[in-house]
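> just the structure for this:
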Amino acid sequence: MFSPDEAPGERDLRELYSAVAPLLVRIAWRIAGTEEAAEDIVHEAFIRLIEKRIPFPSLDDAKFWLIRVVKNGALNVAKRKGREVRAYERWWQGEKAASDPADKELIREETGKEMREYLDRLPEKLKSVIILKEYGQMSYREIGRVLGISEGNVKVRAFRAREALLVMMEGKRDVS
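Below is the predicted model of the structure:
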């Protein structure tokens, strides 16, 4: 697809971008938490692709490389954001505003926030599988290629992650 002697052609890049950008943005958005950050991460991944001039034999190989780059970039953003949030919370000392439980939007936001907190408490190897499966809408085989593990291992990790989330939602114990 890409020759090692020259940068990827404009046509190749357009084809690749059209094929994988929506998936990459969904993955990055879920991990990083904002659409703006997700778009920045995806664009940076494509810039790295152009700068590195990596020869890929197929569109799929380029896709999986980009998914890895986006996942790692989004994890870095999420970690940085987490540190900022913790610093702010220490400063603010956990003061919360009163809320109206009847407000459906608030309930939806709280539920989403709760689920993000549960996901964040999962070990990285389990969290990555769930994010790629549920938010990236990838198959077990594709996830295996991205993470460099077997399809069977992906299935085991997905099962364990779902079990751990269920335990956390039931409030039985923390899984870390």
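> and stretch 57-72, what's buried?
Neighbour-count burial for stretch 57-72, with 16 or more other C-beta atoms under 10 Å as criterion, is recorded at Ala62, Lys63, Phe64, Trp65, Leu66, Ile67, Val69, Val70, Lys71. C-betas here are computed from N, CA, C, even on glycine.
> tell me how far whatever helix or strand Val154 lives in lies from the chain's centre.
If you go by DSSP states H and E, Val154 is part of helix 151-170. Mean-position distance between helix 151-170 and its chain equals 17 Å (C-alpha atoms, centre = their mean, to the nearest Å).
> what does stretch 13-22 give?
Between the centre of stretch 13-22 and the centre of its host chain there is 18 Å, according to C-alpha atoms, centre = their mean.
> what's next to the helix holding Val154, contact-wise?
For helix 151-170, contacts defined as C-beta atoms under 8 Å, 6 or more residues apart in numbering pick out 115, 118-119, 121-122, 125-127, 129-130, 133, 140-141, 143-144, 147, 149, 173-175.
> okay, buried residues for stretch 153-170 please.
Asn153, Val154, Arg157, Ala158, Arg160, Ala161, Ala164, Leu165, Met168.
> what's the spacing between Ala164 and Leu126?
Distance, Ala164 to Leu126, by C-beta to C-beta, to the nearest Å: 6 Å.
> which secondary structure elements does the longest helix along the chain contact?
Of all segments of type helix in the chain, defined using DSSP state H, the longest is helix 59-92. Helices and strands touching helix 59-92, by 3 or more C-beta pairs under 8 Å, 6 or more residues apart in numbering; DSSP states H and E, are helix 10-32, helix 35-52, helix 140-147.
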